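Asks: turn this into a model:
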Amino acid sequence: MFGIVHFPFFVVAVLLLNVTPGPDTAYIVGRSVAQGRGAGLMSALGICTGCCVHSIACAFGLTALLAASATAFTVIKFAGAIYLIYLGVRLAFASPAKSQAAQGEAGAAQGARSLRQLYLQGFWTNVLNPKVVLFFVSFFPQFVSSEGEHKALAFLTLGGVFVAMSVVWCLFLVWVASSVTRGLGGKPAVKKWLDRLVGSAFVGLGLRLAAATQR
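Replies: Got it, this is the predicted structure:
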């Protein structure tokens, strides 16, 4: 269909890629551990939306153009690294959680804004990762026939399958990570150290991204 080839191998490969730990997995688990299931869920949805953007860009050749430009790679790399380090520092030095009464006074509007921010943060950590761009450029073309007449539709179809499988896996990660740490998260002292640990992990991811090379 649409010139897609070796589709069963594509599904198996995506499954293996999802279960292999990577920056997105670390980010989702970190958010779920430090801030609970809702934060993990919104972060996962943001990351998966970022994958949608990469899929569309790949289908129309934009990803290949970015991957071919050393300048674009460097700009995106450092933007993503700085953003991750910023999120990590902010989480590590966050003020202690307010009391339940104070949280109740904040209202639903503030909660909605917080969830929206978590979603956007997950989105940008994925979109600003040049390694994801290179992955789409090198991985997806292997499953699209060079003689196909509808290459864009083929890339979009593969991207849809990739995102759907990623959503299922990310939701599973959120459920497991938040379930394991739910009891600990309610204790202020433990919550404080969890925030610092996860924040430090985000800083580490940012430094690792900054050191990435275009290969």
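Asks: quick one, what contacts the one residue sitting closest to the centre of the chain?
Replies: Nearest to the geometric centre of the chain sits Ile47, at 3.4 Å (Cα atoms, centre = their mean). Residues in contact with Ile47 (Cβ atoms under 8 Å, 6 or more residues apart in numbering) are 24, 27-28, 122-123, 125-126, 166, 170. In this view, the C-beta of every residue, glycine as well, is placed from N, C-alpha and C.
Asks: state the distance from it to Tyr27.
Replies: Distance, Ile47 to Tyr27, by Cβ to Cβ, to the nearest Å: 7 Å.
Asks: now do the shared contacts for those two.
Replies: Joint contacts of Ile47 and Tyr27 (Cβ under 8 Å, 6+ apart) are 122, 125.
Asks: can you tell me which of the contacts of Ile47 is nearest Leu66?
Replies: The closest of these to Leu66 turns out to be Asn126 (Cβ to Cβ; 14.2 Å).
Asks: retrieve the pLDDT associated with the closest one.
Replies: Asn126 carries a pLDDT value of 90.
Asks: okay, now the unreliable bits of the chain?
Replies: For the chain, the stretches flagged by pLDDT under 70 are 1-2, 67, 94-113, 148, 182-191, 194, 213-215.
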